[in-house]
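Colleague: Here is the input, now give the coordinates:
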Amino acid sequence: MTLTSLNRWKAAGLHLVLSALIAATLVVLVLAIWYPGPYYAAMGGATLLRLLIGVDVVLGPIITLIIFDTRKPRLKWDLAAIGVLQLGALLFGAWVMFDARPVYTVFTGDRFEIVPANSVDAASRSRARTEFAVLPLAGPRVIGAHQPTDAKERSDVMLSSMAGGPDIAHLPHLYHTYAEVATDAGRRAKPLSELARRGAAESLLVGAYLRDSGRPDDSVGYLPVRARNEDFAMVVDRKTGEVVGTLPINPW
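Modeller: Here you go, the predicted structure:
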């Protein structure tokens with residue numbers, strides 16, 4: 001196939017197909033790895049992905065449709081320039097989504113907080129345990145965080161968080177495994193019946209979860225999850241603290 005064998009509609013259609021294939025690959029990467037399950041809505045992944053696909057799938061082929069003319073002596077260069085600009089925009093958008101991906105879901109004592117990669121404190125990370133020195137690449141990891149043992153540091157962290165700086169959820173040197181705090185999370189979990197009583201929609205969601213999971217109502221509870229875009233409820237086993245599911249309900 002040569003450029004001279006194409007008209008503007010065929011060229012734009014071919015461009016659209018190629019762009020759609022690239023975008024589909026990115027969508028799979030985002031939904032399956034970077035923003036899995038409830039994290040996609042919770043962290044605003046839909047907004048970022050729509051912008052990215054709008055540039056990659058829509059804008060590029062439209063420009064090709066407008067400028068394609070086989071009589072142009074520099075058509076190849078024009079198309080190459082479009083491709084380079086489109087690829088640059090795609091790579092930049094993909095980097096933004098990667099940099100803003102959720103890396104940790106941190107139990108902080110009475111709730112979980114979702115921490116994106118770009119808000120993890122770099123100085124604290126250099127002091128962290130080895131397992132927290134490198135940010136996860138294959139989806140967010142559920143962990144715990146503890147208050148500093150030193151009174152001055154505890155005061156500094158509190159003042160920092162009040163001023164908009166990092167709090168314990170964003171300080172990797174305060175991280176530990178979820179197994180170390182799971183039983184505490186289970187004890188602090190609230191009954192799912194509290195969510196169910198909020199309205200008909202909430203009652204249906206809770207009921208459907210209990211039916212599908214096969215768990216008795218009194219064996220599980222929920223803890224709030226604070227996220228960038230939409231908060232939700234984390235369902236945990238009230239005895240062991242094991243994370244067993246999520247519910248798309250405002251937990252506050």
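
Colleague: Look at stretch 245-252 and report the distance between its end residues.
Modeller: 18 Å (CA to CA, to the nearest Å).

Colleague: how about the helix or strand encompassing Gly144: buried residues?
Modeller: In the assignment (DSSP states H and E), Gly144 maps to strand 141-145. Buried positions in strand 141-145, judged by neighbour count with 16 or more other CB atoms under 10 Å: Arg141, Val142, Ile143, Gly144, Ala145. Quick note: C-beta positions are derived from backbone N, CA and C, even for glycine.

Colleague: same thing with stretch 56-68?
Modeller: Asp56, Val57, Leu59, Gly60, Pro61, Ile63, Thr64, Ile67, Phe68.

Colleague: Equivalent analysis for stretch 216-224, please.
Modeller: Neighbour-count burial for stretch 216-224 [16+ other CB under 10 Å]: Val220, Gly221, Tyr222, Leu223, Pro224.

Colleague: With stretch 83-100 instead?
Modeller: So for stretch 83-100, counting by 16+ other CB under 10 Å, buried means Gln86, Ala89, Leu90, Gly93, Ala94, Met97, Ala100.

Colleague: Can you name the next helix or strand after the helix or strand encompassing Leu91?
Modeller: Using DSSP H and E, Leu91 sits in helix 75-99. Downstream of helix 75-99, the first helix or strand assigned by DSSP H and E is strand 102-107.

Colleague: Only alpha carbons, please: show whatever helix or strand comes next after that following strand as CSV.
Modeller: Toward the C-terminus, strand 102-107 is succeeded by strand 112-116 as the next helix or strand (DSSP H and E). Provided in CSV are the C-alpha atoms of strand 112-116 (Å, rounded to 0.1, in the frame of the first residue of the first chain):
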residue,chain,number,x,y,z
PHE,A,112,-7.1,3.3,54.7
GLU,A,113,-5.5,6.0,52.6
ILE,A,114,-4.6,5.5,48.9
VAL,A,115,-1.2,6.9,48.1
PRO,A,116,-0.2,7.8,44.5
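
Colleague: Now do strand 112-116 against helix 75-99, angle only.
Modeller: Strand 112-116 and helix 75-99 meet at an angle of 150 degrees, taking axes from the mean of the first three to the mean of the last three CA atoms, to 10 degrees as the criterion.

Colleague: and strand 112-116, what does it pack onto?
Modeller: Secondary-structure packing of strand 112-116 (3 or more CB pairs under 8 Å, 6 or more residues apart in numbering; DSSP states H and E): strand 102-107, strand 220-226.

Colleague: try 10 Å
Modeller: helix 39-42, strand 102-107, strand 141-145, strand 220-226, strand 232-237 (3 or more CB pairs under 10 Å, 6 or more residues apart in numbering; DSSP states H and E).

Colleague: looking at those, which has the lowest confidence?
Modeller: Ranked by mean pLDDT, the helices and strands packed on strand 112-116 bottom out at helix 39-42, with a mean of 92.

Colleague: now what about that one, what contacts it?
Modeller: Residues outside helix 39-42 that contact it (CB atoms under 10 Å, 6 or more residues apart in numbering): 30-31, 34-35, 45-46, 48-49, 101-102, 105, 114, 116, 139-140, 225-232, 246, 248.

Colleague: Would you mind writing the ChimeraX command to select the buried ones in these?
Modeller: Entered in ChimeraX, the line below selects the buried ones among the contacts of helix 39-42, by 16+ other CB under 10 Å:
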select :30,34,35,45,48,49,101,102,105,114,116,139,140,225,226,227,228,231,232,246
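
Colleague: Low-confidence bits of the chain, can you list those?
Modeller: 1-6, 69, 160 (pLDDT under 70).

Colleague: cutoff 90 now
Modeller: 1-31, 44-97, 128, 138-139, 147-168, 216-218 (pLDDT under 90).

Colleague: Now do the spatially most central residue of it against Glu230, distance only.
Modeller: For the chain, the residue nearest the mean C-alpha position is Tyr35 (3.7 Å; CA atoms, centre = their mean). Going from Tyr35 to Glu230 by CB to CB, to the nearest Å gives 12 Å.
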